[in-house]
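J.: Everything below, folded, please.
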Amino acid sequence: MEFLHELFYFLRTRKKFWLLPLIIVLLLLASLVALTSASALAPFIYAIFLTALRKIILGISAFYHDSAAALIIDGRIVAAAQEERFTRIKQDAAFPAQAIKYVLSEAGISFDELTAVAFYDKPLLKFERLLETYHAFVPRGWRSFITAMPVWMKEKVFMKKMLRHQFRTLGATVKVPLYFPEHHLSHAASAFYPSPFESAAILTVDGVGEWATTTICYGAGNDIKILRELRFPHSPGLLYAAFTYFLGFKVNSGEYKLMGLSPYGLADAPQTIAFREKILATLVDIRNDGSILLNMDYFEFATGLKMTATPLWEALFGFPRREPESAITQAHMNLALAIQQVTEEIVVTLARTAKAITGSNHLAMAGGVALNCVANHKIKAAGIFEDIWIQPAAGDAGGALGAAYVAYHIGMEQARVFFPGDDGMQGAFLGPAYGDADIRKLLARYAAVAVHQPDFVALTQEVSAHLAGGKVVGWYHDRMEFGPRALGNRSILADPRQAAMQQQLNTKIKFRESFRPFAPAVLAEDAHHYFNDATASPYMLFTTTLKDALRTNTPADALASIYERLHLQRSAIPAVTHLDHSARIQTVHRTLHPKLWQLINCFKELTGCSVLINTSFNIRGEPVVNTPEDAWLAFMRTEMDYLVMGNYIFDRRQQPALPPELFKSFERD
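T.: This is a model prediction of the structure:
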């Protein structure tokens, strides 16, 4: 009966009536074959039905920031990518048409073959929140109301109609079923279903979805139950974003900078202590369970076009809001440290509550705040859970994947595909790959020059020598990463032993603030030689501290200016060691990252060091590169020395001059 139910659902949703007589004939043939001596053919014919009846779910996130598409087939991830990688518009919020085309192409299917489409939140519930918020704060927020309402009334209220229109442009001829899971349920699903845990507490923390800003859930089998929910406007994510704004960085992208700036603060300084006390006494009340109440007299994100009631903040902290790109003072660093400490307290307390109400030994996390790797380390160090797994695409892009999972496991009540001890993210290498033919097209189009080295071991030996000689290498291979981190397929690599390399990469390659830290990519089997907590960290989502034996000075040098501190020889690998001797570690596993592992191993054989700097292959203001053309243009617009794409090695000195029209003035992000 289940088989027939699936069969008729398949026919009804696709309206391919020509399939009905074919299926009847095949059913009769299968029955006949099963009764004859040729019964071995029956499983083959039945397999045809199983193939036709696959559940293929497309997940979409769009219209806020970081639009993305993800495709799962029978519970397994086939492909996922952010729209920005195709349009080259950073954090593109548009409908992810190109990302959808890619994931369908990767699976070799048309839009009409989809079982369902899932959108990552409930637009009408979000609209309800907006209306109720504006009503609650009347007359404040009228300018924001006038700005927001036309878009909502014209498009977003009619999201289903708008999506159907977009689907038709992608070739849809039938009405594929649509699912609209809540935003934080999508986050929770993205964290739990691909995790290596059979059951787990789930913590999601971000700015805001519809109403929820934080949830504690419990996942077991194919089900997720939401147990606790913190509601707008009281949001840990928006609290952190408000400080991002006040300290002169861009909301929804500058939070990384705020986290990177915080170690330059002086933890024992009276000013830092006073800042923390003012935050806790005036801006936020942290309850015993980790929930918070914000003093909305000091925030304008609920009704205004900016994050903070800036004059009140300036009076509270004693200095004006920092203008973007202006000088960074010790007061800015101390305030960054204070809010980082407060955020860590909130997140760790929430984790303790999740443990208390679920009793689980495992924690899965998602939401934008789950990308705060320093806070993640604090949870791990607190020993609350035996193990923690964080969705590598923890932000809104990952919501597309979570939405697809919700439709499959909860909407369709399908059993979970579970890999004990391993996760289902395939290293996050879920984006498009480009081969030799694409590289040869690039060579022809730009008259670029490259040497083809068919022996990959010889290639890595050559590249290792360049790295050991202080050269910077663009490293481009196989499928693109899904999420914000470059994990070895779209990376820029360099030698971490050179103290000046951090500033060189920031100013001459990435064109960004010189204080920004870089991550160490270390052979997984050697991580314990360098770091105190050397547990697996393939997605670069935890910090750890350097072994004492490798440290060459102490944080007492923090009394110098931020720029003087950048040049300190803090350790044996100073370019990946932050001021507090911490590092955002990536453990490189031979099975998960075979090409990067091979390169680092060659570097180790040459130098004795099994660590490389790994940073994303992009220029400030641009997304991570996608195509070979993206990679070559980024290579040519910077002072990178070598570019390695597949088995091709590009030497900068041999390249033709880039036409002036292809140079860009890099926007400030």
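
J.: Any stretches of this structure with poor pLDDT?
T.: 1-52, 127, 130, 133-157, 514, 553-568, 664-669 (pLDDT under 70).

J.: From V472, how far off is the residue lying closest to N601 once chain neighbours are set aside?
T.: Of all residues not flanking N601 in the chain, L523 sits nearest, at 6.5 Å (C-beta to C-beta, 6 or more residues apart in numbering). C-betas here are computed from N, CA, C, even on glycine. According to C-beta to C-beta, to the nearest Å, L523 and V472 sit 21 Å apart.

J.: So which of those two has more stuff around it?
T.: Between L523 and V472, counted using other C-beta atoms under 10 Å, V472 has the larger neighbour count: 25 against 22.

J.: residues in contact with that one?
T.: With contact set as C-beta atoms under 8 Å, 6 or more residues apart in numbering, V472 has these partners: 492-494, 504-505, 509, 639-642.

J.: so of those, which ones are in helices?
T.: Q504 (DSSP state H).

J.: which of the contacts of V472 count as buried?
T.: 492-494, 504-505, 509, 640-642 (16 or more other C-beta atoms under 10 Å).

J.: now, which of those sits nearest Y298?
T.: Proximity of those to Y298 (C-beta to C-beta) peaks at L505, which lies at 37.2 Å.

J.: The closest one touches I613, doesn't it?
T.: Yes. Proximity of L505 to I613 meets the contact threshold set by C-beta atoms under 8 Å, at 7.0 Å.

J.: Which residues are in contact with each of those two?
T.: Here L505 and I613 share the contacting residues 492, 494, 518, 575, scored by C-beta under 8 Å, 6+ apart.

J.: Tell me the one of those residues nearest G383?
T.: G383 has its nearest neighbour among the shared contacts of L505 and I613 in F518, at 28.6 Å by C-beta to C-beta.

J.: what about that closest one, how many neighbours?
T.: Neighbourhood size, F518 [other C-beta under 10 Å]: 24.

J.: A415 now?
T.: A415 has 11 neighbouring residues, counting by other C-beta under 10 Å.

J.: what sits against the closest residue to it other than its chain neighbours?
T.: Distances taken as C-beta to C-beta, 6+ apart place N222 nearest to A415, at 5.6 Å, with adjacent residues excluded. Contacts of N222 were listed using C-beta under 8 Å, 6+ apart, and they are 409-410, 413-416.

J.: Which pair of the residues you listed spans the longest distance?
T.: Comparing every pair within the contacts of N222 by C-beta to C-beta identifies I410 and A415 as the most remote, at 11.9 Å.

J.: which residues in the stretch 351-500 of the chain form helices?
T.: Taking DSSP state H, counting those that start in this stretch, the helices of the stretch 351-500 of the chain run over residues 373-382, 396-405, 436-446, 456-468.

J.: Which one, of the ones you listed, ends up nearest to A80?
T.: Closest to A80 of the helices of the stretch 351-500 of the chain is helix 396-405 (C-beta to C-beta; 5.6 Å).

J.: Would you mind writing the CA trace of the closest one as CSV?
T.: The C-alpha trace of helix 396-405 is given here as CSV (Å, rounded to 0.1, in the frame of the first residue of the first chain):
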residue,chain,number,x,y,z
ASP,A,396,20.9,32.1,6.6
ALA,A,397,22.5,30.3,3.7
GLY,A,398,22.4,27.1,5.8
GLY,A,399,18.7,27.8,6.3
ALA,A,400,18.1,26.6,2.7
LEU,A,401,19.5,23.2,3.6
GLY,A,402,17.6,23.1,6.9
ALA,A,403,14.3,23.9,5.1
ALA,A,404,14.8,21.0,2.8
TYR,A,405,15.5,18.7,5.7
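
J.: For the stretch 151-300 of the chain, which segments count as strands?
T.: Along the stretch 151-300 of the chain, counting by DSSP state E, counting those that start in this stretch, strands occupy 178-179, 199-205, 212-220, 223-231, 284-286, 292-294.

J.: If you drop the residues flanking it in sequence, what lies closest to G219?
T.: Nearest to G219 is F192, by C-beta to C-beta, 6+ apart, at 3.7 Å.

J.: I226 is in contact with that neighbour, correct?
T.: No. Using C-beta under 8 Å, F192 is not in contact with I226, being 11.8 Å away.

J.: Can you check which residues contact both of those two?
T.: Shared contacts of F192 and I226, counting by C-beta under 8 Å, 6+ apart, come down to C217.

J.: Tell me which of these two has more neighbours.
T.: F192 (31 against 16).

J.: List the residues that contact that one.
T.: For F192, the contact set (C-beta under 8 Å, 6+ apart) comprises 200, 202, 217, 219, 224, 364.

J.: how does it look with 10 Å?
T.: F192 sits next to 199-202, 204, 217-220, 222-224, 362, 364-366, 389, 391, 402, 405, 409, 416 when contact means C-beta atoms under 10 Å, 6 or more residues apart in numbering.
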